[in-house]
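Asks: Predicted model, plus sequence, below.
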Amino acid sequence: MKTLNLSPLDPAFVQNPYRAYAQARLDGPVVYWEDYGMLAAFDAATVQALLRDRRLGREIPADQRVPVPAHLADFDAVDRHSMLELEPPSHTRLRGLVLRAFTSRRIAALAPEIETIAAELLATLPQEPFDLIPAFCTQLPVRIIARLLGVPEDMWPDLLRWSNAMVAIYQAGRTREIEDAANTAASDFSAFLRGYVDLRRKDPRDDLITQLIAAEEDGEKLSTDALIGTCILLLNAGHEATVHALGNGVACLLTHDVARDALGPDAIAATVEEILRFDPPLHVFERFAYEDIDLDGITLEKGKKIALVLGAAGRDPAVYADPDRFDPARGAKPHAAFGGGLHFCVGAPLARLEIQIGLRALFDHAPQLRLAEPPSFANSYHFHKLERLMVES
């Protein structure tokens, strides 16, 4: 078994991880990633198979659970009710209840609102070079989530601040300062949502919080804690994925000088899928082994974790011809940007809709949009996201 020495804190790696992924893929279906202290899979076949393998999961094995540090108690109170960290039967019940409220009809009905918010944001863009990430990419999804939940839209700066602080705890280079900020954000966010849950129990509205309160399966309803955890997950996961997919997508389109017909009504869906394959926002998804698993002669031991490198799977030449070429017309093939199996992203349909509408609206508004300077990625991992995207029209 080959050993990989590749620091997630190395700027040369995180600015463009794909060269390193290509080399790691040549070393076998799995390698030992020294910096993470676990096995890692980089090829599409192994990543896709292990996303769906029920011998692995996200929930910490019982014999590995340790008391939560006091300074993370509020964060843990949210995290332990997250679908992302649960397995059946708890995950099955919670996901079923959420899907009863988060329906395809409700998501499709958001299209006019996404278009309206996009138009409002685009109308305020400056003429001189500006950073598209805070001006457009960041605001669109967080304001949509606010409307979806039924909380005041002008609260979006607070929602964004809480989300950023909580998500930072999952990045490489975690410190006590980051943990303290995440815990405070979890406490504030939970208190804010608890007030709206209590309000909606007395005064139901046509919003997701009301629908989650009403959702019922086999006589069981969501507890208030599970409901709050679900709302926070929808914002944190949905915001991170959509913001960075939008930013990465614009950078792809401008860097590769893609013809504008790739944004036409019949082509936009395929273009978004190619963006998600070529430069997805989430690059690593970790899972625990619940029994010993043989991986082509290498044993993933029970209780150990494996890193599934989603970002590498999308560049696998065994699946995608000329994988380092951005080609919106390459045709539909499965990618792993939204995960897979039981933990396939519940918000994927909404993210796809936001990205499709957001990109079309942006380039309709500014058909001559171009880069004012090369895109700059944040020195963070395992999200691959732009720190700055300076553009002009």
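Replies: Looks like it came in fine.

Asks: center of the protein, which residue is that?
Replies: Here the mean C-alpha position of the chain is nearest to the C-alpha of A241 (C-alpha atoms, centre = their mean), at a distance of 3.3 Å.

Asks: Please report the distance of that one from L282.
Replies: Separation of A241 from L282 (C-beta to C-beta, to the nearest Å) stands at 7 Å. C-beta: built from backbone N, CA, C; applies to glycine.

Asks: residue contacts, P265?
Replies: R360 (C-beta atoms under 8 Å, 6 or more residues apart in numbering).

Asks: So the residue nearest to the centre of the chain is in contact with V346, correct?
Replies: No - between A241 and V346 there is no contact under C-beta atoms under 8 Å: 11.3 Å.

Asks: Mind checking the pLDDT average for the host helix or strand of the residue nearest to the centre of the chain?
Replies: Using DSSP states H and E, A241 sits in helix 224-255. For helix 224-255, the mean per-residue pLDDT is 92.

Asks: Now D206: closest residue in space, sequence neighbours ignored.
Replies: G150 (7.8 Å; C-beta to C-beta, 6 or more residues apart in numbering).

Asks: Hmm, V14 and P8 touching each other?
Replies: Yes - judged on C-beta under 8 Å, P8 makes contact with V14 at a distance of 6.8 Å.

Asks: Spell out which residues are contacts of both of these two.
Replies: With C-beta under 8 Å, 6+ apart as the test, P8 and V14 both reach Y381.

Asks: Comparing those two, which shows the higher neighbour count?
Replies: V14 (22 against 19; other C-beta atoms under 10 Å).

Asks: Is the more buried one part of a helix or strand, or is it coil?
Replies: What DSSP: H, G, I helix; E, B strand; the rest coil gives for V14 is helix.

Asks: Report the contact partners of it.
Replies: 8, 377-381, 384.

Asks: what's the answer for L362, then?
Replies: 118, 122, 136, 250, 369.

Asks: Just put the residues you listed in a markdown table and tack on secondary structure, neighbour count and distance to R19.
Replies: Formatted as a markdown table, the contacts of L362 follow (DSSP: H, G, I helix; E, B strand; the rest coil; neighbours: other C-beta atoms under 10 Å; distance: C-beta to C-beta, whole Å):
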| residue | secondary structure | neighbour count | distance to R19 |
| --- | --- | --- | --- |
| A118 | helix | 24 | 35 |
| L122 | helix | 17 | 35 |
| F136 | helix | 25 | 30 |
| V250 | helix | 25 | 23 |
| L369 | coil | 17 | 28 |
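
Asks: Including distance to A172, could the residues you listed go into JSON lines?
Replies: Below are the contacts of L362 laid out as JSON lines (distance: C-beta to C-beta, whole Å):
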{"residue": "A118", "distance to A172": "33"}
{"residue": "L122", "distance to A172": "34"}
{"residue": "F136", "distance to A172": "27"}
{"residue": "V250", "distance to A172": "25"}
{"residue": "L369", "distance to A172": "32"}
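
Asks: Looking at those residues, which is nearest P129?
Replies: L369 (11.1 Å; C-beta to C-beta).

Asks: and the closest one, backbone torsions?
Replies: phi -50, psi 140 (degrees, to the nearest 10).

Asks: follow-up on the earlier one: which of the contacts of V14 lies closest to V47?
Replies: H384 (15.6 Å).

Asks: Would you agree K302 is in contact with E291?
Replies: Yes - judged on C-beta under 8 Å, K302 makes contact with E291 at a distance of 5.1 Å.

Asks: Please say which of these two ends up with more neighbours.
Replies: Set side by side, K302 and E291 show more neighbours around K302, with 14 against 10, by other C-beta under 10 Å.

Asks: Let me know the next secondary structure element after the host helix or strand of G358.
Replies: Applying DSSP H and E as the criterion places G358 in helix 348-365. Using DSSP H and E, the helix or strand that directly follows helix 348-365 along the chain is strand 370-371.

Asks: Can you tell me which helices and strands that following strand packs against?
Replies: helix 224-255, strand 390-392 (3 or more C-beta pairs under 8 Å, 6 or more residues apart in numbering; DSSP states H and E).

Asks: Measure how far it is from the centre of its chain, please.
Replies: 26 Å (C-alpha atoms, centre = their mean, to the nearest Å).

Asks: partner strands of it, parallel or antiparallel?
Replies: Here strand 370-371 is paired, per DSSP bridges, with strand 390-392 (antiparallel).
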